[in-house]
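Chemist: whatever this is, show me its structure:
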Amino acid sequence: MPGEPFQDLTFNRLTLRYRSPELEAEYVRHAPAALIRTVRPLLYILIPMIIVLGILDYVDLISVPVGSAAAAEITIVLVALLLVALYASRWIDYAIIVTFFVTTALLLSQVHDEETLQRMMAGLLMVVMLANFVGVRYLEGVFTSLGIIILIVAFTMISGYSPGTLIDAGVFMVIGICASTSLGYTIDRQRRRLFAQVKQIAAERDLHEQQALHDPLTDLPNRILLRERMGQSLARSRRHKEQLAVLFIDLDDFKSVNDSYGHAVGDQVLKGLARTLLSRVRDEDTVARLGGDEFVILSEQVNDDNSAKIAADRIQAAVAEPVVVTNDRADTLHINITCSIGIALCPRDGDDLDELIDRADKAMYNAKRSGKANTKFFRADGYE
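Modeler: Just a heads-up that it's a prediction; the model follows:
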């Protein structure tokens, strides 16, 4: 959000989860795109390597059936391809976990003796290692790898294979999970650091843009943003052959509010009036503050003088409603105030922002000369 560039972007060094639940949820939503960028180069190397290994197994196979070896290689390739297919899914973590466990079960289903298990060990180790650093969250990968190791050890024990085979399998897998866990931790930490830096830069950019284009007190557009909106409004009015009204609003005797209640109360009144003005205009209209107690409204799709007058009367009635504020003693105050409004129409009175504001300003001073809470249209002769 604009104005909040220094939100909590830190994460727990053990779990690698952001301390902000909102930021963690946003990271999980955007992480799949980063995940595929990480996985894709790995797949470019992994898939050809597995295909070559499959060919070598087929050519130089002695005691392991061809079907078993082919099933192992094909299963791992399918896992890699499935990861690519699922990278944009909101359930990618769960899909990856299920896929790895199913793949492990398929590989173990091809094991018929200890020699076959040893031949399958490379493929099983590859599944364990992949599970550690291709998931969205680091911890899920670690627990998935541990679960796969437990499944392999349980299969070895249930199958009644020798203790040496069980130890070999356990040591082999522990070495693999240690290496892949370290790599997975480093990759996820770097991804999260980069994501936090991008968020920080974006928040600071939004803040600077907010400060450059908005009034610091009321958060309304300032003259710079008003000029930009005016250009867009003029383009629309020309395209649809419609009129555009510029309403210049000046609060009547606002100095007395500051003198009587202090500038802090006066600032609260201005903030309250800004909210009131925003609530009384249409979505396509723009409310801006030029400074002090002067506001400008760009009102689009104005058919005639009567339409502009109706809009001005609506603003007059809204401003006349009491503004509820509190002073430094926490007393509740009801401030009554009125405004004078000058109206200039585009293209009748001009088609340039400065020219229209200047003419609406002249019309406003004409309204003030007629008394408080008045509205006047610009006239070239100065009279209406």
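Chemist: for the rest of this, base every contact and every neighbour count on C-alpha atoms.
Modeler: OK.
Chemist: and Glu228, that one's in a helix?
Modeler: Yes. The assignment for Glu228 by DSSP: H, G, I helix; E, B strand; the rest coil puts it in a helix.
Chemist: okay, now it: neighbour count?
Modeler: For Glu228, the tally of surrounding residues (other CA atoms under 10 Å) stands at 13.
Chemist: how near is it to Leu298?
Modeler: Counting by CA to CA, to the nearest Å, the separation of Glu228 from Leu298 is 12 Å.
Chemist: same deal with Asp259?
Modeler: Distance from Asp259 to Leu298, by CA to CA: 31 Å.
Chemist: between these two, which one's more packed in?
Modeler: More neighbours surround Leu298 than the other of Asp259 and Leu298, with 20 against 10 (other CA under 10 Å).
Chemist: ok, the more buried one touching Val246?
Modeler: Yes. Counting by CA atoms under 8 Å, Val246 is a contact partner of Leu298 at 4.9 Å.
Chemist: is Ile177 in contact with Thr144, as I believe?
Modeler: No. Ile177 lies out of contact with Thr144 (CA under 8 Å); the separation is 10.4 Å.
Chemist: of the two, which one has the most company?
Modeler: Ile177 (24 against 20).
Chemist: skip the chain neighbours and tell me the closest residue to the more buried one.
Modeler: Nearest residue to Ile177, sequence neighbours excluded (CA to CA, 6 or more residues apart in numbering): Met129, at 6.1 Å.
Chemist: again, but for Thr286
Modeler: With CA to CA, 6+ apart, the residue lying closest to Thr286 is Leu298, at 5.1 Å.
Chemist: assign that neighbour to helix, strand or coil.
Modeler: Assignment for Leu298 (three-state DSSP): strand.
Chemist: residues touching it, list them.
Modeler: 230, 244-247, 285-287 (CA atoms under 8 Å, 6 or more residues apart in numbering).
Chemist: which SSE is immediately downstream of the lowest-mean-pLDDT helix or strand in the chain?
Modeler: Least confident helix or strand of the chain, by mean pLDDT, DSSP states H and E, is helix 66-85 with a mean of 54. Using DSSP states H and E, the helix or strand that follows helix 66-85 in sequence is helix 92-109.
Chemist: which parts of that next one are buried?
Modeler: The neighbour-count check on helix 92-109 (16 or more other CA atoms under 10 Å) flags 92-93, 95-97, 99-101, 103-105, 107-108 as buried.
Chemist: tell me the helix or strand right after that helix.
Modeler: By DSSP H and E, the next helix or strand past helix 92-109 is helix 114-133.
Chemist: just the CA trace of that following helix, in CSV.
Modeler: Listed next in CSV are the C-alpha coordinates belonging to helix 114-133 (Å, rounded to 0.1, in the frame of the first residue of the first chain):
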residue,chain,number,x,y,z
GLU,A,114,18.2,-56.6,-3.2
GLU,A,115,20.1,-56.1,-6.5
THR,A,116,17.1,-54.4,-8.0
LEU,A,117,16.8,-52.1,-5.0
GLN,A,118,20.5,-51.1,-5.4
ARG,A,119,19.8,-50.3,-9.1
MET,A,120,16.8,-48.3,-8.1
MET,A,121,18.7,-46.4,-5.4
ALA,A,122,19.9,-43.7,-7.8
GLY,A,123,16.4,-43.0,-9.0
LEU,A,124,15.0,-42.9,-5.4
LEU,A,125,17.8,-40.6,-4.3
MET,A,126,16.9,-38.3,-7.2
VAL,A,127,13.3,-38.1,-6.0
VAL,A,128,14.4,-37.4,-2.5
MET,A,129,16.7,-34.6,-3.6
LEU,A,130,14.2,-33.1,-6.0
ALA,A,131,11.5,-33.0,-3.3
ASN,A,132,13.8,-30.7,-1.3
PHE,A,133,14.1,-27.7,-3.6
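Chemist: I'd like the next helix or strand past that helix.
Modeler: Using DSSP H and E, the helix or strand that follows helix 114-133 in sequence is helix 138-158.
Chemist: any idea how far that following helix is from the middle of the chain?
Modeler: Mean-position distance between helix 138-158 and its chain equals 36 Å (CA atoms, centre = their mean, to the nearest Å).
Chemist: got the angle between it and helix 114-133?
Modeler: If you take axes from the mean of the first three to the mean of the last three CA atoms, to 10 degrees, helix 138-158 sits at 170 degrees to helix 114-133.
Chemist: mind listing what's buried in helix 138-158?
Modeler: 138-142, 144-149, 151-153, 155-156.
Chemist: got it, and stretch 347-357?
Modeler: Quick answer for stretch 347-357 (16+ other CA under 10 Å): 347, 349, 353, 356-357.
Chemist: dump those residues to JSON lines, plus pLDDT and secondary structure.
Modeler: Converted to JSON lines, the buried residues of stretch 347-357 look like this (pLDDT from 0 to 100; DSSP: H, G, I helix; E, B strand; the rest coil):
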{"residue": "Pro347", "pLDDT": "85", "secondary structure": "coil"}
{"residue": "Asp349", "pLDDT": "89", "secondary structure": "coil"}
{"residue": "Leu353", "pLDDT": "80", "secondary structure": "helix"}
{"residue": "Leu356", "pLDDT": "90", "secondary structure": "helix"}
{"residue": "Ile357", "pLDDT": "91", "secondary structure": "helix"}
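Chemist: nearest to Ser20, of these?
Modeler: Closest approach to Ser20 among the buried residues of stretch 347-357 (CA to CA): Leu353, at 44.0 Å.
Chemist: residue contacts, the closest one?
Modeler: Leu353 sits next to 227, 230 when contact means CA under 8 Å, 6+ apart.
Chemist: mind starting the numbering at 40 from now?
Modeler: Sounds good: first residue 40 from here, last item Leu392.
Chemist: ok, it to Leu286 distance?
Modeler: 12 Å.
Chemist: ok, Ile135 next?
Modeler: 59 Å.
Chemist: I'm done for today, thanks for sticking with me.
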